[in-house]
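Asker: Here is a sequence together with a model predicted from it:
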Amino acid sequence: MSEEELRIAVRKLLAAYDPVATPRVEFRGARFDAGLAWVHYPLGLGGLGAPRSWQAVVDAELAEGGAVDDDYPRTGVGLGIAAPTILRHGTDVQRHRFLRPLWTGEEIWCQLFSEPGAGSDLAGLGTRAVRDGDGWLVNGQKVWTSLAHEARWGILLARTDPDVPKHRGLTFFICDMAAQGVLVRPLRQITGEAEFNEVFLTDVRLPDDLRLGEVGEGWVVARTTLMNERVAVGARPEPREGGLIGVLADTWRRRPELRTTGTHAELLRLWVEAEAARLAGDRLRQQLGGGHPGPEGSAAKIVYARLNQQISGLELELLGEDGLRHDEWTMSQMPVDFLARSPGHRYLRAKGNSIEGGTSEILRNVIAERVLGLPAEPRVDVDLPWKDLPK
């Protein structure tokens, strides 16, 4: 298939399914079946086996035809994190079972990784999965789980062997969030919302066919998840002057009375950095080709977090006392539409960007070790059995 033939395929989809009049699930299902979901995925799994860079062609044609997906806050974990993990490590049965409803949004996903005692040190987690006949019994607690209250499925990392070092005793599962023993409780954030949750797992029984990858190889699978998560968070496709910098620039243009020489210089600096980050993200996605994300995604995610915090801070500086007002204490459990909220909300919510998806401190370690080749930080727990580590 040539790029022109790809464009023709997209136009045929738009002609057969009006993206405005067709229900979202139906339109996205037709797109998946046409191989236009992820063009670099295999045939029958939402793709065409085409170069990954051709996705930009599909996205541009769909946007021109009025097919804009506004549900990413709900589907983002599935699309950006679960899907590439299932594609790389799942069985054929798992791929065919999960990818299509994940893509259409019929089934929402969450990520069951962090725990009260294992956040940045994820490999130190203590949630246990024990063999029980032809399945597993899972007990433990997860925290900061976005969309757990909405999710049908969760990607779960659990410890299956406490007698080996922490990175080697983990196994990766797909968790049925409707299973008996799964309890979800909301956590209220600084914004007043509760899009995050804590999840308690008490004798949750999972069949072995929900295991992703080999027993004891969970860290290998989890690294795929984490690398894709950082790209999904920090290098999402954006138009020029898209994202938060576009909101700030619009405020600057509409409110000339707010302008000062100092804030003008800062706005220009942030605009240039945001554009550089956008172009770097485009290049990163193109370089991925048919491969998988590496440490480059960590750099993209660090920049994304820093820019969001600096841009939202400048927005408040421009607006003065108007920017400090925050009257959205709704206790909403729906994901944040970041750009449509108040400046005060954006400022508060951006504080979490340097924590979620991997803290900036940990990501700097990744870059130092895997990109710059610097010596690793001293670690005394690498070769000790997990059961012997201080808890």
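Answerer: Structure's in. What do you need?

Asker: other SSEs contacting whatever helix or strand residue 274 lives in?
Answerer: Residue 274 belongs to helix 261-288 when assigned by DSSP states H and E. On a contact count with 3 or more C-beta pairs under 8 Å, 6 or more residues apart in numbering; DSSP states H and E, helix 261-288 meets helix 218-234, helix 244-254, helix 296-319. All C-beta atoms are positioned from the backbone trio N, CA, C, and that covers glycine.

Asker: And the shortest one, what's buried?
Answerer: Yep, that's helix 244-254 we're talking about. For helix 244-254, a neighbour-count test (16 or more other C-beta atoms under 10 Å) marks 244, 245, 246, 247, 248, 249, 251, 252 as buried.

Asker: Present the residues you listed as TSV; the columns should include distance to residue 125 and pLDDT.
Answerer: Shown next, in TSV, are the buried residues of helix 244-254 (distance: C-beta to C-beta, whole Å; pLDDT from 0 to 100):
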residue	distance to residue 125	pLDDT
244	33	91
245	36	94
246	38	93
247	37	92
248	38	93
249	42	93
251	42	91
252	45	91
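
Asker: Return the residue of the chain that is most distant from the centre.
Answerer: residue 257 (38.3 Å; C-alpha atoms, centre = their mean).

Asker: Residue 245 versus that one, what's the distance?
Answerer: 21 Å (C-beta to C-beta, to the nearest Å).

Asker: Do a quick rundown of the strands in the chain.
Answerer: Here the chain has its strands, by DSSP state E, at 109-112, 128-132, 135-143, 153-159, 170-176, 182-187, 196-207, 211-212.

Asker: other SSEs contacting the fourth one?
Answerer: Read that as strand 153-159. strand 109-112, strand 128-132, strand 135-143, strand 170-176, helix 218-234.

Asker: Return the most buried member of these.
Answerer: Of the helices and strands packed on strand 153-159, the one with the most neighbours on average (mean count of other C-beta atoms under 10 Å) is strand 109-112, at a mean of 28.

Asker: returning to what we had before: from the buried residues of helix 244-254, which is closest to residue 62?
Answerer: Within those, proximity to residue 62 (C-beta to C-beta) peaks at residue 246, which comes in at 20.6 Å.

Asker: Grab the nearest non-local neighbour of that closest one.
Answerer: Distances taken as C-beta to C-beta, 6 or more residues apart in numbering put residue 339 closest to residue 246, at 7.8 Å, once the chain neighbours are dropped.

Asker: returning to that earlier point: buried residues in the helix holding residue 274?
Answerer: 263, 266-267, 270-271, 273-274, 277-278, 280-281, 284-285, 288.

Asker: which of those residues lies closest to residue 29?
Answerer: So of the buried residues of helix 261-288, ranked by how close each gets to residue 29 (C-beta to C-beta), first place is residue 285, at 24.5 Å.

Asker: residues contacting the residue lying closest to residue 249 once chain neighbours are set aside?
Answerer: Using C-beta to C-beta, 6+ apart and skipping residues adjacent in sequence, the residue nearest residue 249 is residue 241, 5.9 Å away. By C-beta atoms under 8 Å, 6 or more residues apart in numbering, the contact list for residue 241 reads 249, 271, 274, 275.

Asker: gap between residue 241 and residue 274?
Answerer: Distance from residue 241 to residue 274, by C-beta to C-beta: 8 Å.

Asker: swap in residue 313?
Answerer: 14 Å.

Asker: Among the helices and strands packed on strand 153-159, which comes closest to residue 42?
Answerer: helix 218-234 (16.6 Å).
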